[in-house]
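In: Need a 3D model of the sequence below.
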Amino acid sequence: MNAIETMDLTKKFGSLTVVDSVNIKVEQGGIFGLLGPNGAGKSTIISMLCTILKPTSGTALVNGYDIVKFPSQVRKSIGIVFQDPSVDDRLTGKENLEMHADLYGVPASEKRSQIDKVLELVELSDRGNDLVRNYSSGMRRRLEIARSLVHTPKVLFLDEPTIGLDPQSRDHIWSYIRELLKTEDITIILTTHYMEEADKLCKQVAIVDRGQIVALDTPESLKEKLGGETITVKSQNNPLYVEKIKEAGIAKSVVIAGDEVKVTVDSAHTILPSIVNIAALNHIFIESISLQEPQLDDVFLHYTGRALREGGGKELSGMGAIMRRQIR
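Out: Now for the predicted structure:
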């Protein structure tokens with residue numbers, strides 16, 4: 001049985017189709033990355049999988065439960081770590097976990113041992129009796145992960161779990177996630193703006209754009225399919241530069257990413273002189289230039305034509321408050 005399977009999952013708001021007949025299968029175990037530019041529809045997909053929103057048509061199975069027919073069973077079998085802080089800083093770490101355990105009906109005979117277990121997993125055993133207001137941002141994130149695991153979910157949704165954290169805290173968070181995968185029978189659905197996280201950690205990634213899945217495979221396979229090498233040029237007048245490179249017919253793809261132009265070619269060292277010459281002929285100043293093998297960023301740009309962070313904003317803003325009201 002797959003951890004998640006969608007069948008023509010669709011969501012419309014009036015005449016606007018936000019999610020368009022999405023079909024994905026997520027195998028049990030490992031991390032599945034859901035990536036997409038802002039407004040692509042991935043937040044709506046997750047909201048339907050968590051039973052916050054009802055599909056307009058189609059459905060999905062989460063842990064074998066139909067999200068339309070059995071929403072309560074779905075909610076009881078999943079855990080969520082929201083992008084926005086959602087722990088109560090007026091309570092201690094343990095009190096936050098106890099409240100969550102009671103909400104999800106964890107048996108009294110198991111509650112204490114389960115709380116101790118998840119606190120130990122995120123290395124907060126010695127701070128469990130401290131008020132959360134005295135926690136660092138990294139500690140609060142770890143407590144939120146612990147809270148999401150108290151009721152032993154089969155699927156864990158992580159919405160931007162390391163956003164805003166310093167590099168050391170990010171590394172610690174992912175150490176806990178890796179340990180969790182080793183010790184628990186769990187599937188993790190990850191949304192992230194840090195492409196290196198998705199590249200290194202995800203078993204599979206799905207790229208969502210305009211409400212549809214435009215690519216789905218392992219990170220390695222997606223990069224192999226893109227092929228070639230990427231020349232990244234930081235320059236002036238990027239629209240003109242892109243136009244002239246396309247006219248020359250020397251690139252597999254050319255896209256603008258912020259103040260950079262990313263050019264995918266079969267042989268970077270052969271094409272590089274032409275790239276520089278095009279800039280010189282059109283009086284375009286090159287600030288810097290670099291070569292690299294395809295990265296997941298390049299795959300994303302190839303399929304969507306834009307960088308992941310373009311547009312700003314939060315994909316799942318407000319999801320926590322809605323979910324807390326709906327859980328029974």
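In: So for the protein, the centremost residue is which one?
Out: Nearest to the mean C-alpha position of the chain, by CA atoms, centre = their mean, lies residue 191 at 1.3 Å.
In: right, and that one touches residue 158 too?
Out: Yes. Between residue 191 and residue 158 there is a contact under CB atoms under 8 Å: 7.2 Å. All C-beta atoms are positioned from the backbone trio N, CA, C, and that covers glycine.
In: hey, what's the residue nearest to the centre of the chain bridged with?
Out: Residues in a beta bridge with residue 191, per DSSP bridges, are residue 159.
In: who touches it in this structure?
Out: Contact analysis of residue 191 by CB atoms under 8 Å, 6 or more residues apart in numbering lists 33-35, 42-43, 46, 158-160, 315-316.
In: which of the residues you listed lies closest to residue 304?
Out: Proximity of those to residue 304 (CB to CB) peaks at residue 35, which lies at 9.1 Å.
In: Might one say that that closest one is in contact with residue 299?
Out: No. Residue 35 is beyond contact range of residue 299, at 9.4 Å (criterion: CB under 8 Å).
In: intersection of neighbour lists for those two?
Out: Common neighbours of residue 35 and residue 299 (criterion: CB under 8 Å, 6+ apart): residue 207.
In: As a check, name the ranges of all strands in the stretch 51-200 of the chain.
Out: Ranges of strands in the stretch 51-200 of the chain, per DSSP state E, counting those that start in this stretch, are 57-62, 65-66, 78-81, 155-159, 187-191.
In: Which one, of these, ends up nearest to residue 255?
Out: Residue 255 lies closest, by CB to CB, to one member of these: strand 187-191, at 22.3 Å.
In: and the angle for that closest one with strand 57-62?
Out: Between the axes of strand 187-191 and strand 57-62, defined by axes from the mean of the first three to the mean of the last three CA atoms, to 10 degrees, the angle is 130 degrees.
In: Nearest residue to residue 305 in space, ignoring adjacent ones along the chain?
Out: Nearest residue to residue 305, sequence neighbours excluded (CB to CB, 6 or more residues apart in numbering): residue 255, at 5.8 Å.
In: scratch that, residue 45 is what I was asking about
Out: Distances taken as CB to CB, 6+ apart place residue 19 nearest to residue 45, at 5.6 Å, with adjacent residues excluded.
In: And the one you found, how far from residue 270?
Out: As judged by CB to CB, to the nearest Å, residue 19 and residue 270 stand 43 Å apart.
In: quick one: which of these two has more around it?
Out: Using other CB atoms under 10 Å, the more surrounded residue of residue 19 and residue 270 is residue 19, with 27 against 10.
In: Show the contacting residues for the more buried one.
Out: By CB under 8 Å, 6+ apart, the contact set of residue 19 is 9-11, 41, 44-45, 48, 55, 211.
In: list the contacts for the residue nearest to residue 305?
Out: 242, 261-262, 301-302, 305-306.
In: Could I have the ChimeraX command that selects the buried members from the residues you listed?
Out: In ChimeraX syntax, the buried subset of these is picked out as below (16 or more other CB atoms under 10 Å):
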select :242,261,262,301,302,306
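In: you'd agree residue 173 is up against residue 138?
Out: Yes. Between residue 173 and residue 138 there is a contact under CB under 8 Å: 7.5 Å.
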